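1. Below is the sequence, then the predicted model.
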Amino acid sequence: MTATRRLAAILAADVAGYSRLIGSDEGGTLRALKAIRAELIDPTIASRNGRLVKTTGDGLLVEFSSVVDALRCASEVQAGMTERNASAPAGKRIEFRIGINVGDIVVEDGDIFGDGVNVAARLEALAEPGGICVSARVQEDAAGKVDLAFEDLGEQALKNIARPIRAYRIATDAVSATVRQTSALALPDKPSIAVLPFANISGDPEQEYFADGMVEEIIIALSRIRWLFVIARNSSFTYKGRAVDVKQVARELGVRYVLEGSVRKGGNRVRITGQLIDTSMGAHIWAERFDGKLDDIFELQDEVASSVAGAIEPKLRQSEFERANRKPTESLDAYDLYLQALALRDIHTDESVRKAIALLNRALTIDPNYVPAKAAIGWSWVHQASHGRTAISEAEVDEAVALARQALEAAKDDPDALWMAAFTLLYLAGERAIAVTAIDRALALNPNSAHAWMARGYVSLPQSEAAIEAFERAMRLNPLDRLERGFINGIAIAHLFARRYEQALEWSVRALSDEPGYPAALRTKAVACAHLDRIEEARETVRQLLDAQPWNTVARTTRLYARLFGSPETATVYVEGLRKGGMPEG
């Protein structure tokens, strides 16, 4: 069949969060979409003289001869979806994003192609769930002909579209209920950014850790720029493997800018691509590709971080932010081992922790002066001591403490190594004054480190209010951290020391909602219940704690909290509560 060309209005639509909906209820989602097509979308398209060109699993493409018909169809569909979603639970709502463009199209075998179609698809991606986004041509052609308000979004650099496109958002009552109900975090008083996990396009699943480590290094580099508010890695990585709406990410994390991209590693070369999005407008304000040898990987990270910073605040002079130079080792073999260990660090099983330590020791075999690996070994042993089912030995304590001291001596300008080593010395050796100094140094170097603020919270105990302030700062910097339970339980402990036992119980229960078997929170809950004379609940919680960590005793707890909080007297609130709860004396 011969291809023909004509001018048309093109409507592109897709379902926001389709993968999540299918993942939670495939059958129910497909049945609901079928009903929506039959009862709302298809009749509306027909009534507005549209032609349904094709459908995909979560989207559709429609051609109209009139831009007015296209706009009325879109607004009626969104209004209808708002009514259908009114009584639906938030997690079950099906919401469409719609983009409309007017342009020249190529028609062949019933399908349509061309720049006009591509622009419509990109505009759809700019729309919020429940929203409509259109090109300037649509707005001009429809002016005075439809009762719709158009909000100017300015020129947009759309993916794979050579020229900037001026876009408009249609203001109607058919705004996503989910968007309206999402509680957005307030923007900080300085530029704020979240770096999403970069896609690993190396074609090798084993290189996933490399892509993740690359992003972490960029986050660390950006965090050293004092005028930036940077969301921590653990919150950003909750979006890993998900199709995301960057505007929703911005609302959930409380940021204005989102950086996304990809990493391709092949042989001795690496290609990093990145694009920076101003989520207030959905505009791509910066995009760049970096190619280089793996020998130059740290210079590439520095270049990415500096370019992003310059795009966010171009009027700031170069001297007003620090160049993010993190070159911990000249050995990429050691660095690879370190990244693989980091990939294991958040699992926190006995097996994963010991595997991570083995990898870090291999890195030190290659480079005995590799400070991040030394600090990470100590921090890994701290996690085993606090979370592990098996207790760590005196020899393992000695190893962790020795490596932490070495790391502190060498880590003058590495904030992560400083706080990890400091917490190790606090938790395993009770070296409180040294820990305070090192954590303060870490925060001076990187005021955006959520985990350094967590360390500041623990080292501030039992000064409850100072500790709570530090933990709350950590939670704000890392609002979606999968390890947030550590921040939350810190607040619970602070309330214990202030003798606010009801609040301590409330916060410990909140920590346990994230991980029901979390030993530190079980310990806090047991103590709070005991002091509230809820003795049976305290005893049951102690039984759960002993199931998770059979080695727990009153004597061990006394020694631990005497080190952590400064003296045996400060541990009294714990000791008394655990005795009431039936903890063995040991």
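-> On my side now, so go ahead.
2. how about the helices of the stretch 451-586 of the chain, start to end?
-> Taking DSSP state H, counting those that start in this stretch as the criterion, the stretch 451-586 of the chain carries its helices at 464-477, 484-497, 501-514, 519-531, 535-548, 554-565, 572-580.
3. okay, these, which one's buried deepest?
-> Ranked by mean neighbour count, the helices of the stretch 451-586 of the chain are led by helix 519-531 with a mean of 26 (mean count of other C-beta atoms under 10 Å). C-beta: built from backbone N, CA, C; applies to glycine.
4. Not counting its own residues, what contacts it?
-> 386-387, 485-486, 488-489, 492-493, 496, 499, 501-502, 504-505, 507-509, 511-512, 515, 535, 537-538, 541-542, 544-545, 548-549, 552, 557, 573-574, 576-578, 580-581, 583 (C-beta atoms under 8 Å, 6 or more residues apart in numbering).
5. Quick check: closest non-adjacent residue to residue 76.
-> Spatial nearest neighbour of residue 76, chain neighbours left out: residue 44 (5.1 Å); criterion: C-beta to C-beta, 6 or more residues apart in numbering.
6. Would you mind listing the buried residues in the helix or strand hosting the one you found?
-> Using DSSP states H and E, residue 44 falls within helix 42-47. With burial defined by 16 or more other C-beta atoms under 10 Å, the residues of helix 42-47 counted as buried are 44-45.
7. One more: stretch 411-431?
-> 411, 414-431.
8. and the gap between the closest residue to residue 197 other than its chain neighbours and residue 234?
-> Sequence neighbours aside, residue 240 is the residue nearest to residue 197 in space, at 4.2 Å (criterion: C-beta to C-beta, 6+ apart). Using C-beta to C-beta, to the nearest Å, we find residue 240 at a distance of 11 Å from residue 234.
9. Have a look at these two and say which one is more surrounded.
-> Using other C-beta atoms under 10 Å as the criterion, residue 240 and residue 234 rank with residue 234 on top: 18 against 15.
10. host element of that one?
-> helix 233-236.
11. mind saving the C-alpha coords of that helix as PDB?
-> Below are the C-alpha coordinates for helix 233-236, written out as PDB (Å, rounded to 0.1, in the frame of the first residue of the first chain):
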ATOM      1  CA  ARG A 233      21.400   7.100  47.800                       C
ATOM      2  CA  ASN A 234      19.000   4.800  49.700                       C
ATOM      3  CA  SER A 235      16.000   6.900  49.000                       C
ATOM      4  CA  SER A 236      16.900   7.400  45.300                       C
END
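12. Show me what the next helix or strand after that helix is packed up against.
-> Beyond helix 233-236 in the direction of the C-terminus, DSSP H and E gives the next helix or strand as helix 246-253. With contacts taken as 3 or more C-beta pairs under 8 Å, 6 or more residues apart in numbering; DSSP states H and E, helix 246-253 sits against strand 192-195, strand 257-266.
13. let's go with 7 Å and repeat that
-> Where contact means 3 or more C-beta pairs under 7 Å, 6 or more residues apart in numbering; DSSP states H and E, helix 246-253 is packed against strand 257-266.
14. How much space separates residue 230 from residue 288?
-> Taken as C-beta to C-beta, the span from residue 230 to residue 288 is 19 Å.
15. Which residue of those two possesses the greater neighbour count?
-> When neighbours are counted by other C-beta under 10 Å, residue 230 and residue 288 differ, and residue 230 comes out ahead with 28 against 15.
16. ok, and what's touching the helix holding residue 44?
-> 52, 62, 73, 76-77 (C-beta atoms under 7 Å, 6 or more residues apart in numbering).
17. Now restrict the residues you listed to buried residues only.
-> Those of those that meet the buried threshold are 62, 73, 76-77, by 16+ other C-beta under 10 Å.
18. care to break this protein down by domain?
-> If you go by automatic domain parsing, the domain ranges for the chain are 4-181, 192-320, 328-441, 448-586.
19. Turn those into TSV, including mean pLDDT.
-> Formatted as TSV, the domains of the chain follow (pLDDT from 0 to 100):
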stretch	mean pLDDT
domain 4-181	86
domain 192-320	74
domain 328-441	88
domain 448-586	91
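20. Assign residue 101 to helix, strand or coil.
-> Under DSSP: H, G, I helix; E, B strand; the rest coil, the three-state class of residue 101 is strand.
21. Just the element for the nearest residue in space to it that is not next to it in sequence, please.
-> Distances taken as C-beta to C-beta, 6+ apart put residue 120 closest to residue 101, at 4.0 Å, once the chain neighbours are dropped. Using DSSP H and E, residue 120 sits in helix 115-126.
22. before we move on, what about residue 289?
-> Element membership of residue 289, judged by DSSP H and E, is strand 283-293.
23. and that strand, what other elements does it pack with?
-> strand 269-278, helix 297-312.
24. okay, that strand in CSV with CA atoms only?
-> Extracted in CSV, the C-alpha atoms of strand 283-293 (Å, rounded to 0.1, in the frame of the first residue of the first chain):
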residue,chain,number,x,y,z
ALA,A,283,11.8,20.5,31.3
HIS,A,284,15.0,18.7,30.3
ILE,A,285,17.5,21.5,31.1
TRP,A,286,20.7,19.6,30.6
ALA,A,287,21.9,16.5,28.8
GLU,A,288,25.4,15.2,28.3
ARG,A,289,27.3,12.1,27.3
PHE,A,290,30.7,11.2,28.8
ASP,A,291,33.1,8.7,27.2
GLY,A,292,36.4,7.6,28.6
LYS,A,293,38.7,4.9,29.8
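25. and the angle for it with helix 115-126?
-> 100 degrees (axes from the mean of the first three to the mean of the last three C-alpha atoms, to 10 degrees).
26. quick one: strand 283-293 to chain centroid distance?
-> Computed by C-alpha atoms, centre = their mean, to the nearest Å, the chain-centroid distance of strand 283-293 equals 21 Å.
27. what inclination does that strand have with respect to strand 269-278?
-> Going by the same axes, to 10 degrees, strand 283-293 makes 170 degrees with strand 269-278.
28. what comes up buried for strand 283-293?
-> 283-284, 286, 290.
29. Between the residues you listed, which sits nearest residue 204?
-> When the buried residues of strand 283-293 are compared for distance to residue 204 (C-beta to C-beta), residue 290 wins out at 19.8 Å.
30. Pairing-wise in the sheet, spell out the partners of that closest one.
-> Beta-bridge pairing of residue 290 under DSSP bridges involves residue 272.
31. Which residues are in contact with the residue most central in space within the chain?
-> When C-alpha atoms, centre = their mean is applied to the chain, the residue found nearest the centroid is residue 236 (1.8 Å). Contacts of residue 236 were listed using C-beta under 7 Å, 6+ apart, and they are 194-197.
32. so how far is stretch 122-134 off the chain centroid?
-> The chain centroid and the centroid of stretch 122-134 are separated by 23 Å, computed with C-alpha atoms, centre = their mean.
33. returning to that earlier point: distance of the residue nearest to residue 76 from residue 405?
-> Residue 44 is 70 Å from residue 405, by C-beta to C-beta.
34. again with residue 519
-> 27 Å.
35. coming back round to it: would you format the contacts of residue 236 as JSON lines with distance to residue 376 included?
-> JSON lines is the format used below for the contacts of residue 236 (distance: C-beta to C-beta, whole Å):
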{"residue": "194", "distance to residue 376": "24"}
{"residue": "195", "distance to residue 376": "21"}
{"residue": "196", "distance to residue 376": "24"}
{"residue": "197", "distance to residue 376": "20"}
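36. want to try a markdown table for the residues you listed, with distance to residue 209 and neighbour count as columns?
-> Listed next are the contacts of residue 236 as a markdown table, based on distance: C-beta to C-beta, whole Å; neighbours: other C-beta atoms under 10 Å:
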| residue | distance to residue 209 | neighbour count |
| --- | --- | --- |
| 194 | 21 | 28 |
| 195 | 16 | 29 |
| 196 | 17 | 22 |
| 197 | 12 | 24 |
